[in-house]
Structure formats: C-alpha cells, structure tokens
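Student: Here you go, sequence then predicted model.
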Amino acid sequence: MCLLVVSEPNSTPSKKDLDCASCNNPHGFGYAVIAGNEIIRGRGMSAKKVIAEFLQVRKQYPDSYAMYHARLATHGVKNEDNCHPFIVGGDKQTYLAHNGILDVQIAATDKRSDTRVFAEDVLPAMGGVTALDDDNVWKIVSKWATGSKIAVLTVDPNAKEYCYIINEDAGHWDNEGNWWSNTTYKITDYYSWASAPTQTKPRNLADRIFTYDDIANYPLDYTCPTCDAIPYEDANPYYCEMCFTCYDCSGMYNDTCLCWSPDADRYQYAEKSKAWYDEEYLIPMIRR
C-alpha cells in the first residue's frame with residue numbers, strides 16, 4: 001500500500017503520525033524537502049533514522065514543500081535503492097514518490113520497483129516534470145494511474161509549480177496542511193484490557209479457533225487489529241500473542257516495532273509469548 005504525505009509550506013506532520021505510518025509500511029523510508037533552489041533527499045531502511053533526519057531538515061527549511069514516504073513493497077527488492085522518493089530522469093531538480101501500483105512493464109531481471117521505473121524511464125520519456133503542466137498529459141496520467149497517487153517536487157525553473165499531486169482527491173488533507181495518501185498513519189484504538197472478559201488460556205492453537213457467532217458477539221476492540229485474534233485476560237498487554245504485533249505502534253516484535261527495547265517490560269512479555277508459541281504450537285506442528 002505505502003504511505004505518502006506531502007506538506008505545504010510551514011506545515012510538518014507529527015513524529016507520532018510518521019512513526020505509525022512507518023510501522024504499517026515497514027519496507028523502506030525516504031523524504032524530500034525543497035531548500036531554496038535545490039531539493040534535499042534522504043532515504044534508508046531505518047524508520048527512526050530517516051524520520052529524525054527528515055524532521056531536522058524540515059525544521060531548517062519550513063517555508064517550502066516537503067514529502068515523506070513509507071514503503072510497503074509490491075514490486076522490486078526491499079533495499080534503499082527502491083526507497084522513494086526517486087530522481088526523475090537523472091535530474092536532481094525533481095523527485096517523485098508514489099502510493100499504489102503502476103501498470104509499467106518490468107523485466108524479470110529488473111530489480112527496480114514500479115515507481116522507480118516510472119520516475120527513471122516513463123515520465124522522462126513523456127517530457128519530464130514540465131509535461132505535467134499540459135492539461136491533456138495531466139488527464140492522461142491521472143486516468144492511467146487511477147487507484148494510485150503520485151507526488152512530484154521540483155525546483156526546475158521551467159516547471160509552473162513546485163509541487164504536483166496526481167489523483168490528489170484520492171487522498172485527504174488534514175487541518176495542519178498535510179496531504180495524506182491514505183489513513184495508515186492513524187493509530188487504531190486497540191484492545192481494552194481493563195474491561196477484558198475472563199477466559200482460559202488454550203493449550204494449543206486449535207483451541208484459538210472461534211466461530212463466526214463468537215466473533216460477531218465480541219466487541220471489535222477486543223480483537224488484534226492485525227490478525228483479528230481474540231486476546232486472553234492473562235495475555236500480555238503489549239503484543240498480540242498470535243502474530244506478535246505491537247498494540248502501540250503496529251510493528252512486529254523485535255523487527256519493525258518502534259517501542260522495542262531489550263530492558264523494557266514489553267520485551268520480556270514478548271519473549272514469554274514467543275516461547276509459549278514455539279513450545280505449544282510451532283514445535284509440535286513441525287514434528288507432525
């Protein structure tokens with residue numbers, strides 16, 4: 001899916017929203033900020049590092065357009081080279097990021113993502129960023145990219161705008177001047193532990209299977225937002241014991257979780273949960 005946010009001059013997304021977006025889209029991160037007559041770009045596989053860098057650069061250059069992208073890979077390998085935003089046609093005056101899936105031809109041996117191919121090959125062949133100033137080209141690209149959103153930042157003196165958002169209506173603006181391509185930056189209201197019903201912890205995964213009636217009669221906020229498992233009264237309050245998703249940031253325990261710390265209580269709980277999972281379910285299943 002990915003998450004793309006574009007900020008107007010003097011607007012900046014909150015770190016909390018960027019953290020959540022990055023947890024939900026964990027396959028690489030990047031940003032671009034217009035700084036005078038150039039654009040500063042940063043990319044990487046560490047959300048913490050890229051977010052901190054982005055916010056620092058944005059603080060230095062608050063009165064221009066900026067964008068941040070968190071990737072959920074669909075095409076191409078998961079590495080920094082495939083992290084958005086991408087240079088358009090080798091011209092560092094223009095950068096592009098995208099949310100969705102683009103219908104581009106990618107050779108089996110090509111490790112690039114669909115967005116990278118569009119930025120490096122397709123848009124340059126159309127005439128580059130200045131082609132987007134043509135109403136007919138804009139309509140063609142918008143229709144072709146239906147279901148996707150594309151943002152372009154440029155300081156090309158031949159372009160009419162500094163910022164272009166294709167299929168802008170498919171996203172939404174918040175009250176702070178930030179445009180979001182979807183809602184994966186929003187934190188979900190998770191399980192209410194204080195009002196959890198009393199249940200007995202099962203001995204194996206088979207005992208965790210519930211009927212549709214059981215689920216229908218259960219309040220939605222009593223289920224894991226990732227795998228829909230129903231937590232148990234004695235389960236840990238930090239991670240889902242079924243899929244190990246963090247209830248606070250939606251990241252995976254000891255992987256993409258931004259709350260992870262070896263000395264924290266949540267880590268100790270997760271270790272116990274994983275040990276129970278391995279002993280009671282995973283190992284017996286392998287031995288079958």
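Tutor: Cool, the structure landed.

Student: residue ranges with poor pLDDT in the stretch 101-250 of the chain?
Tutor: By pLDDT under 70, the low-scoring segments of the stretch 101-250 of the chain are 187-238, 241-244, 247-250.

Student: where exactly do the helices run in it?
Tutor: In the stretch 101-250 of the chain, the segments counted as helices under DSSP state H, counting those that start in this stretch are 114-117, 123-126, 135-144, 212-216.

Student: Tally up the residues packed near the closest residue to Gly28 other than its chain neighbours, please.
Tutor: Counting by CB to CB, 6 or more residues apart in numbering, Gly28 lies nearest to Cys83, which is 3.8 Å off, once chain neighbours are set aside. For the C-beta atoms, the positions are set from N, CA and C on the backbone; glycine is no exception. For Cys83, the count of nearby residues is 27 (other CB atoms under 10 Å).

Student: do the same with Asp19
Tutor: 22.

Student: what's the answer for Gly147, then?
Tutor: Gly147: 11 surrounding residues under other CB under 10 Å.

Student: So it sits against Asp103, correct?
Tutor: No - Gly147 sits out of contact with Asp103 when judged by CB atoms under 8 Å, with a separation of 9.8 Å.

Student: List the residues that contact Val117.
Tutor: Listed by CB atoms under 8 Å, 6 or more residues apart in numbering, the contact set of Val117 reads Leu102, Val104, Gln105, Ile106, Asp110.

Student: Filter these down to the buried ones.
Tutor: Leu102, Val104, Ile106 (16 or more other CB atoms under 10 Å).

Student: Closest one of the residues you listed to Leu132?
Tutor: Nearest to Leu132, judged by CB to CB, of the buried ones among the contacts of Val117 is Leu102 at 15.3 Å.
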